[in-house]
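# Pasting a predicted model and its sequence here:
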Amino acid sequence: MKREDCICFSGAATGAEATFGAAAERYGIDEVNFTFEGHNPARQRGRRVLTRAELRHGDVSLGYLSKLMHRKYPDTPIFRSILQTIWHQVQNGQEIFVVGKINQDDTVTGGTGIAAEYARMFNKPVYVFDQVRSAWFRWSGEVWEGAADPIIRQPLFCGTGTRFLEANGRAAIDALFARSFG
């Protein structure tokens, strides 16, 4: 796989997304960061402002997501737009990498969990670096299985995750890029 054929799809938010973008830039990988009018992303490289029509393509019922994820989400225009940009990140990626925390019910904590859930719904390979357990996991189709040292195998991939990135999460992203493109 050639670096010039690769694109990291993300949202450029503070934390994991900004770290995925910085790693992509260091390794000469293009990035597309989906955002919307009025949003102030942490990274400007590859910034792609979605139109209202494009955002609507990624609209999913908050009631459905709340039931699926076993939690309640705020019904605000900003949160809805964030969910819509996450849909575009996952929809465009052939392989999804997430940094966060896997819960007992197999969901992933926070808005980050929506990316993992979309990947599962779209039947895309999805890896989660669980910062609490300090390990990578891959969704098997039924359970999260340990995935020691994954590599990026698809040229179009999504890198997303928590705003509350810890040192082990940052190191996991850096090591993922080093294994894949170093």
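On my side now, so go ahead.

# center of the chain, which residue is that?
Nearest residue to the geometric centre of the chain (Cα atoms, centre = their mean): Thr160, 2.5 Å.

# Am I right that it sits in a strand?
Yes: counting by DSSP: H, G, I helix; E, B strand; the rest coil, Thr160 is located in a strand.

# And it, how close does it get to His57?
Between Thr160 and His57 the distance, using Cβ to Cβ, to the nearest Å, works out to 18 Å. For glycine as for every other residue, the C-beta is placed from the backbone atoms N, C-alpha and C.

# Also Gly11?
Gly11 sits 16 Å away from His57, taking Cβ to Cβ as the criterion.

# Kindly report the same for Gly110.
When Cβ to Cβ is the yardstick, Gly110 and His57 sit 23 Å from each other.

# next one: Phe181
Remark: distance between Phe181 and His57 (Cβ to Cβ) = 30 Å.

# where does the protein dip in pLDDT?
Along the chain, the model assigns pLDDT under 70 to no residue.

# Could you list which residues are in contact with the residue nearest to the centre of the chain?
With contacts taken as Cβ atoms under 8 Å, 6 or more residues apart in numbering, Thr160 has the following neighbours: 10-11, 16-17, 20, 86, 89-90, 96-99, 112, 115.

# Among those residues, name the ones in strands.
10, 96-99 (DSSP state E).

# Report the buried members of those residues.
Burial by neighbour count, judged by 16 or more other Cβ atoms under 10 Å, picks out 10, 96-99 from the ones in strands among the contacts of Thr160.
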